[in-house]
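Novice: output the structure for:
(2 chains)
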Amino acid sequence: MLTLKQIQDNKQEVIERLKIKNFDAVNIVDQIIELDNKRKSTQTEADNLQAEMNRLSKSIGQLFKEGKAEEANQAKETTAGLKEQIKNLTTQQDSIETELQNLVVQLPNLPHPSVPAGKSADDNIKVREGGLIPQLTEALPHWELAKKFNLIDFELGVKLTGAGFPVYKGHGARLQRALIAFFLDEAIAAGYEEVMPPLMVNEDSGFGTGQLPDKEGQMYHVTADNLYLIPTAEVPVTNIYRDVILDGNQLPVRNCAYSACFRREAGSYGKDVRGLNRLHQFDKVEIVQVAHPEKSYVVLDEMVNHVQSLVEKLGLPWRIMRLCGGDMSFASALTFDFEVYSGAQERWLEVSSVSNFETFQSNRLKLRFREEGEKKTQLAHTLNGSALALPRILAAILENNQFEGGIKIPDVLVPYCGFDVIA
RNA sequence: GGAGAGAUGGCAGAGUGGUCGAAUGCGGCGGUCUUGAAAACCGUUGACCUUCACGGGUCCGGGGGUUCGAAUCCCUCUCUCUCCGCCA
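Specialist: Numbering: from 1, shown residues only, chains lettered A, B, ... in the order given. Next up is the predicted model:
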């Protein structure tokens, strides 16, 4: 969430920039500023009374010690009024703070100046692209290939769990495992430390990265224990740094993690969700960085380049999109999406989203760092990206690499899966 | 699931209801000594809110209560640990 200081100091800028995200912040910002000012004055008042109270209490103790019971009792009487006033003020302050909090969490992150205005994915801007779009004849979509070569059993998943929970089998399962290992090895080689996080998180973690309180509908909620299945490893991995104060020289922190991801995605239907295009459970390797505020955009580029190297090594046709204000997530300041071309479906599939959240998450997480020699702490920047999400990558590999008798495996994966062709 | 114990500063660990933001040790930082280092010694060492600043306030797991005054007493919630049972 935005800091109160950001809002107080740059009111007009906040309003203007949120317009890019199609968010009208005028009223809410005014309310926030008014409440914040009220909070400050109320607190000053309460603090002064409390200071008075503390002084009195101390003197009462002293008086009793000296045996001046009468004076002490006299002083006691004067505390009653103070106590009442303080109680009123702190009650007031509590409600102000609750109200303030409720308002502030509604504000999305400010988009970076380079974010184009726009309403939907149609307004995203292509940054660059690479690879060759395959010229296929009589190409089968991946769900038919998956069936033909016995790689993925969607119906079996329905039997076991429900739609959107496919069962990977044989070469399909091995290919999946190969992709995970390949992505992790690439990330490790690029300097990321691997972690294996829990697949369920508590409420605090959900709030820290911004899934809660608003988007609980996206996560599976285990009500018996009040835990949430993670929609992405970003949640547990970023929350590693919740309530942490790092040394400036520890930055940037780099982590990568493989995890299964769970998304409810209620209300989806149609060809968009056919096959592997959209699942309730899928696998993903995620990269996360905690960066110095002055360097976070360099870090973002570095992460984008890393993801680019992955799709290039897999030999997939790719493009990078700069998301417009309307297509960006609530918490992001700047997001680049990676899409790969799916030869049989003849459409682009989103396989990665790389974002800089600046201080939006760290403010919720209380993730700070201290510059060497400085006394004050400041909020760090957090970034993350998929590197990569597996299902659509698998879909593109299957579709693009199909030939008459089978499917060719990208060279980089062969050492990982142990076969070079599915036939 | 059953029984018990506990939650205090980066860590370990004290704390009779009244100068306790909190002893002590370790760690960290600065210094003395040293060619340098170690050891020893001296000093220093939490976060947050508010203020231009001085200062003031809050925080001893969370919430509530008793009291002029609570880390210390009461209630409640959460979490952690140990033992037993079950189990990959």
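Novice: write out the residues of chain A neighbouring RNA strand B.
Specialist: Contact residues (Cβ under 7 Å from any atom of the strand) of chain A with RNA strand B: A:4, A:40, A:43-44, A:46-48, A:50-51, A:53-58, A:60-61, A:64, A:76, A:79-80, A:83, A:225, A:245, A:368, A:370, A:375-377. C-betas here are computed from N, CA, C, even on glycine.
Novice: show me the residues you listed that map onto helices.
Specialist: Counting by DSSP state H, those place A:4, A:40, A:43-44, A:46-48, A:50-51, A:53-58, A:60-61, A:64, A:76, A:79-80, A:83 in helices.
Novice: in which helix or strand does residue A:311 reside?
Specialist: helix A:296-313 (DSSP states H and E).
Novice: hmm, back to that, filter the residues of chain A next to RNA strand B to the buried ones?
Specialist: Buried members of those, counted by 16 or more other Cβ atoms under 10 Å: A:4, A:43, A:46, A:50, A:53, A:60, A:368, A:370.
Novice: determine which two of those are furthest apart.
Specialist: The span of these, defined through Cβ to Cβ, is set by A:60 and A:370 at 40.7 Å.
Novice: measure the residue in the stretch 301-423 of chain A positioned nearest to RNA strand B to residue A:283 for me?
Specialist: Residue of the stretch 301-423 of chain A nearest RNA strand B, by Cβ to the nearest atom of the strand: residue A:377 (4.1 Å). From residue A:377 across to residue A:283, the span is 36 Å (Cβ to Cβ, to the nearest Å).
Novice: mind listing the helices for chain A?
Specialist: A:4-9, A:11-20, A:26-65, A:69-104, A:142-148, A:154-160, A:170-189, A:203-208, A:234-239, A:296-313, A:360-365, A:390-400, A:414-417.
Novice: where does pLDDT dip in the stretch 251-400 of chain A?
Specialist: Applying pLDDT under 70 to the stretch 251-400 of chain A flags residues A:266-272.
Novice: for the residue lying closest to residue A:196 once chain neighbours are set aside, give me its contacts.
Specialist: Spatial nearest neighbour of residue A:196, excluding adjacent residues (Cβ to Cβ, 6 or more residues apart in numbering): residue A:257 at 6.6 Å. Counting by Cβ atoms under 8 Å, 6 or more residues apart in numbering, residue A:257 touches A:194, A:195, A:196, A:197, A:233, A:236, A:237, A:285, A:286, A:288.
Novice: who does residue A:257 bridge with?
Specialist: residue A:195, residue A:286 (DSSP bridges).
Novice: and the helices of chain A, which one is worst for confidence?
Specialist: If you rank those by mean pLDDT, helix A:69-104 sits at the bottom with a mean of 83.
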